[in-house]
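A.B. asks: just the structure for this:
(one chain, ligands or ions: 1)
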Amino acid sequence: MIGNDIVDLALALKESNWKRKGYLAKIFTKLEQLLIIKSENPDNMVWNLWSRKEAAYKIFNRNTEVKIYNPIQFKCYDTYKSIGKVMNNGVVYYTKTEINLDYIHTVSVLNITDFESIKLLNRTNEIIKIEGIPYLKVANNKEMNPISISNHGRFEKIVSLF
Ligand SMILES: CC(C)(COP(=O)(O)OP(=O)(O)OC[C@H]1O[C@@H](n2cnc3c(N)ncnc32)[C@H](O)[C@@H]1OP(=O)(O)O)[C@@H](O)C(=O)NCCC(=O)NCCS
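C.D. replies: Just a heads-up that it's a prediction; the model follows:
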């Protein structure tokens with residue numbers, strides 16, 4: 001299973017004021033808030049953690065069909081390692097996050113070995129959506145592979161497992 005999330009840093013800076021009163025405490029655990037406050041680049045740390053939570057949430061939502069808004073319950077760990085973790089209700093979602101000057105992109109998987117099988121797709125692939133959740137048609141349209149799409153500002157990433 002796979003999920004991803006991308007944040008356009010220029011757009012996030014323009015549109016979102018995470019410094020407003022109460023925002024951090026609503027979204028982030030105490031540990032995550034410390035990471036943000038102590039970071040050399042608090043803006044990036046906010047979006048770094050957010051993209052991890054969203055990527056994991058996409059797997060959670062797909063697996064459980066539960067739609068919730070409860071970011072604080074998706075807890076980020078091992079954020080300084082190349083493979084991080086998001087935990088929710090005892091389930092571990094593994095994460096890999098790419099950070100550059102333009103965007104922050106997280107891919108999340110349930111099985112850590114799936115990181116070896118990640119494929120980037122584009123819109124020319126045959127994508128269908130079932131109740132808003134995207135799949136790729138494969139094997140002469142007889143099978144559907146779960147994929148994850150994320151758009152924000154100037155960027156879009158579509159990922160699947162092959
Ligand atoms: C559904 C949700 C995850 C989409 O994220 P977003 O940042 O608004 O938008 P993204 O571009 O990253 O993702 C949108 C795509 O996700 C896809 N998507 C929706 N639900 C999905 C799921 N469960 N699994 C995989 N993909 C999903 C849609 O196909 C959509 O593609 P489209 O733009 O081609 O229509 C988000 O709107 C949401 O509901 N978040 C609230 C949940 C929450 O609490 N999040 C905080 C972290 S836990």
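A.B. asks: in this protein, which helix has the most residues?
C.D. replies: Under DSSP state H, the helix in the chain containing the largest number of residues is helix 42-64.
A.B. asks: what's the spacing between that one and its chain's center?
C.D. replies: 4 Å (C-alpha atoms, centre = their mean, to the nearest Å).
A.B. asks: where does the residue lying farthest from the centre of the chain land on pLDDT?
C.D. replies: The centre of the chain is farthest from one residue, residue 140, which by C-alpha atoms, centre = their mean lies 29.8 Å away. What the model reports for residue 140 is a pLDDT of 74.
A.B. asks: again, but for residue 94
C.D. replies: As predicted, residue 94 sits at a pLDDT of 98.
A.B. asks: with adjacent residues omitted, what lies nearest to it?
C.D. replies: residue 112 (4.9 Å; C-beta to C-beta, 6 or more residues apart in numbering). In this view, the C-beta of every residue, glycine as well, is placed from N, C-alpha and C.
A.B. asks: the one you found: neighbour count?
C.D. replies: 11 (other C-beta atoms under 10 Å).
A.B. asks: next one: the residue minimising distance to the centre of the chain relative to residue 118, how far apart?
C.D. replies: Geometric centre of the chain, nearest residue: residue 55, 2.1 Å, by C-alpha atoms, centre = their mean. For residue 55, the distance to residue 118 (C-beta to C-beta, to the nearest Å) stands at 12 Å.
A.B. asks: now the common contact residues for those two.
C.D. replies: residue 107 (C-beta atoms under 8 Å, 6 or more residues apart in numbering).
A.B. asks: who's in contact with the next helix-or-strand element following the longest helix of the chain?
C.D. replies: Downstream of helix 42-64, the first helix or strand assigned by DSSP states H and E is strand 75-77. With contact meaning C-beta under 8 Å, 6+ apart, strand 75-77 is reached by 29, 31, 32, 49, 52, 53, 84, 85, 86, 87, 88, 95.
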